[in-house]
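>>> Using only what follows, build the 3D model:
(2 chains)
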Amino acid sequence: MKGISREDVRHLAWLAKIELSAQEEETLSKQMADILNYFKILDKIDTKSIEPAYHVREVKNVFRPDEPRKANPDEILKLAPAKKGRYVKAPKIV
Amino acid sequence: MKMQSAWEIAEGVRKGSISAVEIVEEFFERIEKHDKEIRAFITVSKDSAIQQAKEIEKKRREKKLGRLAGVPIAVKDNICTRGIETTCASKILKGYIPPYDATAVRMLKEEGAVIIGKTNLDEFGMGSSTEFSAFFATKNPRNLNHVPGGSSGGSAAAVAKGLSAVALGTDTGGSIRCPSAFCGVVGVKPTYGLVSRYGLIAYANTLEQIGPIANNVIDAALLLSCIAGHDPHDSTSIGENKDYTKFNSSAKKLKIGVPRQYFGEGTQKAVSDAVWRAIKKLEGEGAEVEEIDLKSVGYALASYYIIAMSEASSNLARYDGLRYGFQDSSGARDWSTLFSKDRKAGFGFEVKKRIMLGTFALSAGYFDAYYLKAQKVRNLIIQDFQRAFKKFDVLMGPTMPTTAFKLGEKTVDPLAMYMSDCDTVPANLAGIPAASIPCGSSNGLPIGLQIMATPFEEGKMLNVAKTLEDILGVYAE
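Predicted structure coming up:
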């Protein structure tokens, strides 16, 4: 890892869907490089024969009955910043 | 000031010697008097609290009171409370009023606890000082020039100052234990899966748990007893309902392991001295104490931050400003631009940084070197703890390497801030329970001792905590 350029920062920001100011881009390129450099400490530890631990407990396929419950859609809709009638207003996707 | 303990309040309310309404009003008087300088609360819910207290009075006549009858409780503002604004200390959720209660909150209400307000935190739990709240910083009640710790800084400060009898915090990498140590109170991070996370607004969901913050071990145990248990709404919750308030003297015969790695170079001498003094006292009572090595713990911090940031980048993708939360008003017409603008104005810098780093660690070309590597190291840490617990009942060390640092001391240096979590993150990676209890002070600032146990051995862990509290005395201002 050679460091994080402004261009790298912009690409990641695009992936993460966060607009950044020029000042934020600059600070991030420096701070992210420092932090990623610290993370390289993990290279010192041999993990060739080790499985990743995605979860601390092996809980698999937890099911529950598919039963409808009472809900209040108006209470949920109230939270949307932009609406048209009983629909959430969103920008054009395609 | 003599703190009123939660269990004494509940007992008094049940017997009728204390009025729930009066006790709640008393706490609001203290909030009005002291919270201007401490700033523990984002929202104070006085009207609904008085209403709840009145209902408890009514129930008393019918003799149907729960284990926390009339106990004022503060709830960290990343835990959903029906009808009370829940912000995560973020602009992106300003004005969000949850249409449901988190399971832990519902269980507390069923036991008669009264929600008096929502406490400050580092935005989404991302920080160790509560300075990264989008609204304001909370101050340490023991010394106003110092941070209360984080991210549950508001909850710990409120309990330490007597603004609430008890509080709920959340702990992703130390966020209950760090502020508990810095403010001189008791904090418990339960075993992963013991307490439902339903209604806890996710930051890093394989690491975090809701847990109690209290002025004494009995209160913490009582609160934990009321929120533990399986919840169909959280498929990772597998805990049982248990009563953790039964204590005995068996702690004096336990085998205690003290990992050297918890006394690393950044550890203040006053901290290691106070922790060792407490351990020696337990040894004097008959416990067996042995120093051990937990080598992988030295890699825990890097592994933790990679995993937490990766999970955060995925969890926080939901904030698009459409269904709830902050929406940019510039009228951007394509979704990519609108979402990017919502998130630009809605998230603070630390949150953006962690999302960016998580996005990096999960991106093509870097996944194996960062995320996968971190998960493998996590496995080594889990195995190290498993080996240690074959020999020892509990492990002990400092909660934090230092006492509370000064406001502003670490906000410009992210790595320095992250490093302060070195002793708390291993328990989250391994999913084991860990508690912090006060064990002394240095220049008026409290020092926390950390106790760790095997999964679902909270009973044993709290028993040790109670024994130590009896020996050392409750932290007094």
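>>> drop to CA atoms for contacts and neighbour counts, all remaining ones
Will do.
>>> and the longest helix anywhere in chain A, which residues are buried?
Counting residues, the longest helix found in chain A (DSSP state H) is helix A:22-39. Of all the residues in helix A:22-39, those buried under the rule 16 or more other CA atoms under 10 Å in any protein chain shown are A:25, A:28-29, A:31-33, A:35-36, A:39.
>>> Need the contact partners of that helix.
Applying CA atoms under 8 Å, 6 or more residues apart in numbering or on different chains, the contact partners of helix A:22-39 are A:1, A:3-6, A:9-10, B:302-303, B:306, B:349, B:353, B:357, B:370, B:414-415.
>>> now stretch A:84-94
Contacts for stretch A:84-94 (CA under 8 Å, 6+ apart): A:77, A:80, A:82-83, B:322-323, B:332-335, B:338.
>>> just how off-centre is that stretch within its chain?
Distance of stretch A:84-94 from its chain centroid, counting by CA atoms, centre = their mean, to the nearest Å, is 23 Å.
>>> can you check stretch B:131-139 too?
Here stretch B:131-139 shows a centroid-to-chain-centroid distance of 16 Å under the convention CA atoms, centre = their mean.
>>> And for stretch B:428-439?
Stretch B:428-439 sits 10 Å away from the centroid of its parent chain (CA atoms, centre = their mean).
>>> can I get the CA coordinates of that stretch in PDB?
Taking C-alpha atoms only, stretch B:428-439 is exported to PDB below (Å, rounded to 0.1, in the frame of the first residue of the first chain):
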ATOM      1  CA  ASN B 428     -15.900  -7.800  21.600                       C
ATOM      2  CA  LEU B 429     -13.900  -9.800  19.000                       C
ATOM      3  CA  ALA B 430     -14.200 -13.000  21.100                       C
ATOM      4  CA  GLY B 431     -17.900 -12.300  22.100                       C
ATOM      5  CA  ILE B 432     -17.100 -12.800  25.800                       C
ATOM      6  CA  PRO B 433     -18.700 -10.900  28.700                       C
ATOM      7  CA  ALA B 434     -16.600  -8.200  30.300                       C
ATOM      8  CA  ALA B 435     -17.300  -5.700  33.100                       C
ATOM      9  CA  SER B 436     -15.600  -2.600  34.400                       C
ATOM     10  CA  ILE B 437     -15.700  -1.700  38.000                       C
ATOM     11  CA  PRO B 438     -14.000   1.300  39.800                       C
ATOM     12  CA  CYS B 439     -10.800   0.200  41.600                       C
END
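>>> looking only at pLDDT, what's the mean for that stretch?
The average pLDDT within stretch B:428-439 is 98.
>>> Repeat that for stretch A:38-54.
Mean per-residue pLDDT for stretch A:38-54: 94.
>>> same question, stretch B:336-354
For stretch B:336-354, mean pLDDT is 96.
>>> Now the terminal residues of it, how far apart.
20 Å (CA to CA, to the nearest Å).
>>> what does it rub up against?
Here stretch B:336-354 makes contact (CA under 8 Å, 6+ apart) with A:14, A:17-20, A:24, A:28, A:32, A:91, B:90-93, B:123-124, B:126, B:132, B:134, B:309, B:312-313, B:319-321, B:326-328, B:331-332.
>>> In helices only, show me the residues you listed.
Going by DSSP H, the helices hold A:14, A:24, A:28, A:32, B:309, B:312-313 from these.
>>> Much appreciated, bye for now.
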